[in-house]
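Novice: Quick one: sequence and predicted model below, then my questions.
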Amino acid sequence: MAAIKVIIPAVNEGDSIGKVVSEIPKSVSEIIVVNNGSTDNTVENARKAGATVLNENQRGYGFACLKGMDYVAKQSKVPEVIVFIDGDYSDYPEELDKVVAPILEENIDFVVGARKKSLREAGSMTPQQVFGNWLATFLMRLLFRARFTDLGPFRAIKYEKLKELDMQDKTYGWTVEMQLKVLRKKMSYTEVPVRYKRRIGVSKVSGTVKGTIFAGVKILGWIFKYSIK
């Protein structure tokens, strides 16, 4: 059985993190929750549910993901697959095996859990999220002939391929940076349709005007940066 580890960035997800951790399939060897400056009971509830908890006080989605990757890199036995999922319970953790399947069964390098409209709960994505997602993937199709339809946070990648990407973004551009680098390095990829529901609590990105603008600027910045390389 392939060794699979999960990295979950989390900021004030005390009400949801326990549900996310407890519903991840037993095929996973370790669940790593990276506490990104929470002031609630995120840490306590993550540990109670069985996760390894790391602390990254530098706020930023990318900072948290990089912290988890650094922890994995220092282990004596590294995994074959890394899965990223958010801690807000908007994804269905039990679908992890479905997201990982193309890697294990078809030798695909990278998989995005695509939040198809028909599988999304009404209101689970804000209008600005839906538009931003459409614009980013449209530009990737136009500029790079990509087949991506989503920048979904629920994703799986071979660990060795993840290291090759040399991820740099510290904040909102993490997901699109990963997808652009997969394209640039001509890695194999696919999407798996996943369900998506209203998150527990308020989003730190789409839930604020500042977060929405910063995320949009960061995502477009990465796309145009790669388009002129």
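Specialist: Structure's in. What do you need?

Novice: tell me which residues in stretch 77-90 are buried?
Specialist: Under the neighbour-count criterion of 16 or more other Cβ atoms under 10 Å, stretch 77-90 has Pro79, Glu80, Val81, Ile82, Val83, Phe84, Ile85, Asp86, Gly87, Asp88, Tyr89, Ser90 buried. Every C-beta, even on glycine, is put in place using the N, C-alpha and C of the backbone.

Novice: May I have the distance across it, first residue to last?
Specialist: Stretch 77-90 has an end-to-end distance of 31 Å (criterion: Cα to Cα, to the nearest Å).

Novice: chain center to that stretch, what's the gap?
Specialist: Its chain's C-alpha centre and that of stretch 77-90 lie 8 Å apart, by Cα atoms, centre = their mean, to the nearest Å.

Novice: Point to the helix or strand of this protein where mean pLDDT is at its lowest.
Specialist: helix 209-227 (a mean of 73; mean pLDDT, DSSP states H and E).

Novice: What about the buried residues of stretch 77-90, which are in strands?
Specialist: The members of the buried residues of stretch 77-90 that map onto strands under DSSP state E are Val81, Ile82, Val83, Phe84.

Novice: The first one and Lys158: what is the separation?
Specialist: Plainly put, Val81 is 6 Å away from Lys158 if you go by Cβ to Cβ, to the nearest Å.

Novice: so what sits against both of those two?
Specialist: Residues touching both Val81 and Lys158 (Cβ atoms under 8 Å, 6 or more residues apart in numbering) are Ile103.

Novice: re earlier: looking at the buried residues of stretch 77-90, spot the one nearest Val34.
Specialist: Among these, Gly87 lies closest to Val34 (Cβ to Cβ), at 9.1 Å.

Novice: from memory that closest one sits against Val20, does it?
Specialist: Yes. Judged on Cβ atoms under 8 Å, Gly87 makes contact with Val20 at a distance of 5.5 Å.

Novice: which neighbours do these two share?
Specialist: By Cβ under 8 Å, 6+ apart, the residues touching both Gly87 and Val20 are Ile8, Glu13.

Novice: Where do the helices of the chain begin and end?
Specialist: Remark: helices assigned in the chain by DSSP state H are 17-22, 42-48, 61-73, 96-106, 127-144, 159-165, 174-184, 209-227.

Novice: Next, the angle from the fifth one to helix 174-184.
Specialist: Right, the one you point to is helix 127-144. If you take axes from the mean of the first three to the mean of the last three Cα atoms, to 10 degrees, helix 127-144 sits at 20 degrees to helix 174-184.

Novice: now swap in the fourth one and tell me
Specialist: Orientation note: helix 96-106 sits at an angle of 10 degrees relative to helix 174-184 (the same axes, to 10 degrees).

Novice: name the helices or strands packed onto helix 96-106?
Specialist: Where contact means 3 or more Cβ pairs under 8 Å, 6 or more residues apart in numbering; DSSP states H and E, helix 96-106 is packed against strand 4-10, strand 81-84, strand 110-114, strand 155-158, strand 189-193.

Novice: again, but for the fifth one
Specialist: Secondary-structure packing of helix 127-144 (3+ Cβ pairs under 8 Å, 6+ apart): helix 174-184, helix 209-227.
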